[in-house]
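Enquirer: take a look and give me a structure for this.
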Amino acid sequence: MSFNTQSDDLSAPRGSSFEPLIRRTKVSVVGAGAVGATMAYALLMRGVAREVALYDINKAKVEAEALDLAHGIQFMPQAEVTGSDDIEVVRGSDVVLVTAGAKQRPGQSRLELAESTISLTKKVLPQLLEVAPDAIYIMVTNPVDVVTYAALQISGLPPHRLFGSGTVLDSSRLRYLIAEHTGVAVQNVHAYMVGEHGDSEIPLWSSATIGGAPLLDWDSLEDGRGQLGDQARAAIAYEVVNSAYRIIEGKGATNYAVALAGSRIVEAVLQDQHAVLPVSTLLENYYGISQVCLSVPSVVGKDGILHRIEVPLSAAELRGLQASAESLRQAALSIGL
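Expert: Next up is the predicted model:
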């Protein structure tokens, strides 16, 4: 089931040599649950791709989501939205976002969740590769780091073409909280959460800036308003790690912010932006860390991960990153990866 909207571009006569050539881009979202459907909405609203396809084994659900999106498509940038339970809907995609995963049950551990999601990934990923062999694959399902590591093994894809959404959302949460605390616009805050997308992630305070000023010098620049001492930074870091639990407790899932984070990553790929984003990738000798997927600032463009940036780390930050890597490595080993 597909729907589209057309609009007239009056910037140049049709068929003229001055008419801009617009490459048709296609993004597929695997899974039409809360995250997947919101991801499709965010992609359409941001005008990231000319075609957005939703794939889910639940035919009624995926077609209903596509129809609901289509009813508002005249208010979005020119696009087409498709929804189907047929894997062929993914064919020819430039980017594939995998949001499908097992739903965490009450009392279920993260490792048990990982095993269930990896089992699902083993079924769907080979099918996706048959219809979209040249796509960039972005894993957006939890626990994302372990699932990304497994997906690389299952797919055989090079690490630059398959990676996880990582701590892009966590870094957005960090920047929001810093901005709220200091009273500056969030766009002027530059700071990263790195490591696991989860409990062992850490903020990189030593390289964070506010309006170009080092964050750790903020107190000396201010007159007492919005100071960022040890206690304030610890409270912010705690809130970043635990805010998702509060959202899930209140509404059952996080979907809006993660969808915006995912669409931002896709935008960086399709527009070859060379944007620096903390996505989850397979590391090789990054500060001595190898053979584990976790998030570090990485340059993202049309070929996926172009390279990773070795940002300066304090001794404490390096220990934290190494501990996060070891936690993820042990989790992967415990489920046979």
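Enquirer: mind showing which ranges of the stretch 201-337 of the chain have poor pLDDT?
Expert: Low-confidence segments of the stretch 201-337 of the chain (pLDDT under 70): 222-225.
Enquirer: so how many other residues sit close to residue 119?
Expert: Residue 119 is flanked by 11 other residues according to other C-beta atoms under 10 Å. C-beta coordinates here come from the backbone N, C-alpha and C atoms, glycine included.
Enquirer: then the one 5 residues further on?
Expert: Here the neighbour count serves as a burial measure; for residue 124 (other C-beta under 10 Å) it reads 18.
Enquirer: before we move on, what about residue 273?
Expert: Neighbour number of residue 273 under other C-beta under 10 Å is 15.
Enquirer: from residue 171, how far off is it?
Expert: 16 Å (C-beta to C-beta, to the nearest Å).
Enquirer: likewise for residue 252?
Expert: Taking C-beta to C-beta as the measure, residue 252 falls 24 Å from residue 171.
Enquirer: so if I had to pick from the two, which one is more boxed in?
Expert: Using other C-beta under 10 Å as the criterion, residue 252 and residue 171 rank with residue 171 on top: 25 against 10.
Enquirer: which helix or strand contains that one?
Expert: Residue 171 is located in helix 168-182, with elements delineated by DSSP states H and E.
Enquirer: contact partners of that helix?
Expert: Helix 168-182 has contacts (C-beta atoms under 8 Å, 6 or more residues apart in numbering) with 185-186, 188-193, 197, 201, 203, 208, 210, 215, 218, 222, 225-226, 228, 232, 236-237, 239-241, 243, 254, 257-258, 260-262, 264-265, 277-279, 295.
Enquirer: rounded mean pLDDT for it, please.
Expert: Averaged across helix 168-182, pLDDT comes to 96.
Enquirer: quick one: list the elements packing against the helix or strand that that helix is followed by.
Expert: On the C-terminal side of helix 168-182, the closest following helix or strand by DSSP H and E is strand 189-190. Using 3 or more C-beta pairs under 8 Å, 6 or more residues apart in numbering; DSSP states H and E as the contact test, the elements touching strand 189-190 are helix 168-182, strand 209-210.
Enquirer: brilliant, that's me finished.
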